[in-house]
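Q: Sequence and computational prediction follow.
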Amino acid sequence: MAIYRGGYTGTILRINLTRGEIRKEPLPEAIIRDYIGGRGFAAKVMFDEVPPETDAFSEQNKLIFSVGPLVGIAPSGSRVTASAISPLSGLYGDSNAGGFWGPELKFAGYDGIIFEGKALSPVYLLIDNDRVELKDASNLWGQDIYTTHHLIQEEYGSSVHTVAIGPAAENKVRFAGILVDAHHAFGRMGMGAVMASKNLKCIVTHGQHDLEIVDQEAYKETVLEYLSEIRSDPSSKRASTLGTPGLIMMLQNWGCLQTNNQRTAVFEYAEEISGERVRAEYTVKDAGCYGCMLRCSAVEKRYLGKRPEYETLQALGSICGVGDLEDVLEASHWADHYGVDTISIGKTISFAMELYEEGILKSSDLDGLELSFGNGKGMIAMIHKICTREGCGNLFADGVARASRQIGEASYPYAMVVKNVEIPSTEPRGEKGRGLGYLTSTRGPDHLRSLPFAERILKPEEAKRLFGHEDASRMTGAKGKGNMVKWSEDFVGLSDMLGICKLGWTYYSSTMPRLINKGLTLPSRLFQAITGMELTEKELSVAAERVTNLERAYLTLQGISRKDEVFPDRITKEPLPEGPSKGSVHESDLMLDEYFKARGWAVETGIPKEETLRRLGLEVVIAKYKAKGLL
C-alpha cells in the first residue's frame, strides 16, 4: 500500500452496512490542508454528508471514526474522534478516546472509517491490514464489554485491538459509549447508541504497516525537546503518579468539587475518594496509552480494570454524595461492563436522588429504592436498572433532560443540563472559564472541548496581555474569560485534529510559556517533520478555528443559537453556599458577549458573521446560511 504523505495513510474506509459494501477511498488532499485530520476530518464529513435534521437513530446518520496525522507516531499520539448526530442532544456530537486502537487503525493502513446505513442483523468489522470484512456478530450481541473483548481476542489472538459496545448501547441508552479494548472510552454523547442502531457490535483491528516520517532528524530533535519539557515540568510528576484522580483534592481545595447534584462544591468525604487514596490503597501498577511518556493511568486492584478518572470518581462519588470508595469502584466497573458514560449516568442518578430528597419522586416511583444522596448501593442498583431499561431505569435511560420533561415542571430546577446534555464535573461557579466552555462547546457541555487550563496558571500580567483583563487569572473572575475560552478552544482543538492527548501535551503545565510550547509550538514542529508540510503555527491555529466554526455552523443549521447557551438557575442565580468559592455565581451573559465578539459571531444570536466565514474559507457555510435566511 502506497503511503503518499508522512503521517497519513491516504485511505479512508467507507462501509455501507445496509448493502454490506466496503470501499477504500482516497483521503482528499484539500481536507488535509484545511482540516488536518481527526476531529477536523469528521466535522467536514458530517457537514457535507449528514443533513442537520437527521435523526440520531435513522439510517441516514453516519458514524465516523477518524485519526490524525500524529497518531501512531508522536508521543501520546493515540487519540481517535468518533462523530455522529447525538441521540442524547439530538445535535452534532462527537467523542474522543485513547488507548491502542487508533494507532492500530493507522498501522492497518487507514486514516478513518465512515459507517453508513444499518445492517440487517448484528455484524462486526474485521480489519487485518488490507483485508477488511463484515462478519456475523450474533454470538456477540447481548454480551457485555469485557466478554466481547475476551471472545474476540480468543478468536483472533491478543494482538488485535477492539472498539465495542455493550448492553447499554443495544438497549439504546442515550448516553451509551464505545469502549476501546474494554478500558478506554468514547464516553460522551451516546456514540455507542448510534453504533448499536446500525447493528454494529465492534471493530476488530490488526495492522503491521509502517508509517513514514519525512524529516527524521527534525522529528528526533522535537521529541527530545518534548521529553525534556515534561521531565522538567513539576506538573508532570503529579500526572504520572496520581493521574487525573489527583484533581479530586485540588477541586475540593478550590471549592469546585461538584457535590449532591451541584447543591454545593465541597464534599465531606473528598479524601475518601481522592486520587491519593486510590494510589495508596487500590493501585496495582501504572499504565498508559500508546506512546505515552506520562503514563497517567493505572490498574486498580478491586476489579483489575483501568483506574477511574477524576470525572468518574466525581460523578459516581461526590455528585451522588457517595463517600465509600468501594461503592464508587464497583459502580465504575458496572458502567464499563454495560458500556455507558459515567458522567451522564452519575449526573442522571444524582438528579433522581435530589428529586427523591425534595419529595418530587417517592420510593414507589423508584422501584422501592430509598434513593438519598450517599446511598452507594442504591446508586449501583440504578446503574443496573438504567443500562437494562428495567423499571424506573427506562425513564432515566434517556438522560436528565427527557426524564425531567416527563416528570414535570417541579423537576426542572434540578435538571443540571445544557442543550439536553448533563453538565460534567468541575463546578462552573468556581471555575468560570471552564463553565463558559460548557456553554459554548460544539458537542454540548464538555470538560475537554475548551479545557481552559490557563485560568489555573496565569499570572495577572499575562492575563491582561493575552486576554485583556487581570480577572482572567482568577478562577472565579469573569472578565477576559470570553477571550480566553475562544483561544483555548482553538488551542486544544488542534490536539483533536492531530490526534495527540491533551493531558500529555496541553494540560499538565505549570506555566503559560510551557503550556504554549507543549500545546502549539512542539506539535506544529512535529507535524511539519512527520508530514513534510510547511504549515506554520498560525496556519494550524486557523485550521482549528475553521473546524470550530464549521461545527458551530452545523449547530446553527440545527436551530441552535445564543438562547440555548444557558445554565439552570442554580448556576447563575444561587451563590455557592460554602467553601473557597462561596458566594460565587456564573456571569454567563457577560462572558458570552465577550466570547461571541472574539469569535466574530453575532452577539445577539451566536451565528458566525459572513466576514468571519469568508476569512476562514467557509463559503460553503455562507451558501447554506443564505439559503436558510440566516445571513
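A: Noted; the coordinates are in hand.
Q: Could you count how many residues lie near residue 135?
A: The tally of other residues near residue 135 (other Cβ atoms under 10 Å) stands at 14. Heads up, the C-betas are built off the backbone N, CA and C, glycines and all.
Q: Just to check, it is in contact with residue 122?
A: No - judged on Cβ atoms under 8 Å, residue 135 makes no contact with residue 122 at a distance of 9.9 Å.
Q: From the contact counts, what lies against the host helix or strand of residue 147?
A: Taking DSSP states H and E as the criterion, the element that holds residue 147 is helix 145-156. Applying 3 or more Cβ pairs under 8 Å, 6 or more residues apart in numbering; DSSP states H and E, we find helix 145-156 packed against strand 161-164, strand 200-206, helix 325-338.
Q: Mind doing that once more with 6 Å?
A: strand 161-164 (3 or more Cβ pairs under 6 Å, 6 or more residues apart in numbering; DSSP states H and E).
Q: Quick check: next helix or strand after the strand it packs on?
A: That would be, after strand 161-164 and using DSSP H and E, helix 167-170.
Q: Kindly provide the distance from residue 551 to residue 449.
A: 10 Å (Cβ to Cβ, to the nearest Å).
Q: sorry, that was for residue 469
A: 23 Å.
Q: Look at these two and report which has more neighbours.
A: The neighbour comparison of residue 469 against residue 449 (other Cβ under 10 Å) goes to residue 449, with 26 against 20.
Q: The more buried one - that's part of a helix, no?
A: No - read with DSSP: H, G, I helix; E, B strand; the rest coil, residue 449 is coil and lies in no helix.
Q: ok, the closest residue to it other than its chain neighbours - how many residues close by?
A: Once flanking residues are discounted, residue 449 sits nearest to residue 441: 3.8 Å by Cβ to Cβ, 6 or more residues apart in numbering. Neighbour count for residue 441, taken as other Cβ under 10 Å: 24.
Q: what do you get for residue 217?
A: Neighbourhood size, residue 217 [other Cβ under 10 Å]: 9.
Q: and it, what does it touch?
A: For residue 217, the contact set (Cβ atoms under 6 Å, 6 or more residues apart in numbering) is empty.
Q: gap between it and residue 525?
A: Per Cβ to Cβ, residue 217 is found 12 Å from residue 525.
Q: A strand includes residue 291, no?
A: No - using three-state DSSP, the secondary structure at residue 291 is coil, not a strand.
Q: Show me which residues of the lengthiest helix in the chain are buried.
A: Criterion DSSP state H: the longest helix present in the chain is helix 537-557. Across helix 537-557, burial judged by 16 or more other Cβ atoms under 10 Å covers 537, 540-557.
Q: What does the residue of the chain positioned farthest from its centre show for phi and psi?
A: Residue farthest from the centre of the chain, counting by Cα atoms, centre = their mean, is residue 364 at 35.5 Å. Phi and psi for residue 364, reported as degrees, to the nearest 10, are phi -70, psi -20.
Q: Same question for residue 503.
A: Dihedral pair for residue 503: phi -70, psi -40, per degrees, to the nearest 10.
Q: so where's this protein uncertain?
A: The model of the chain has pLDDT under 70 over residues 1-4.
Q: All set, thanks.
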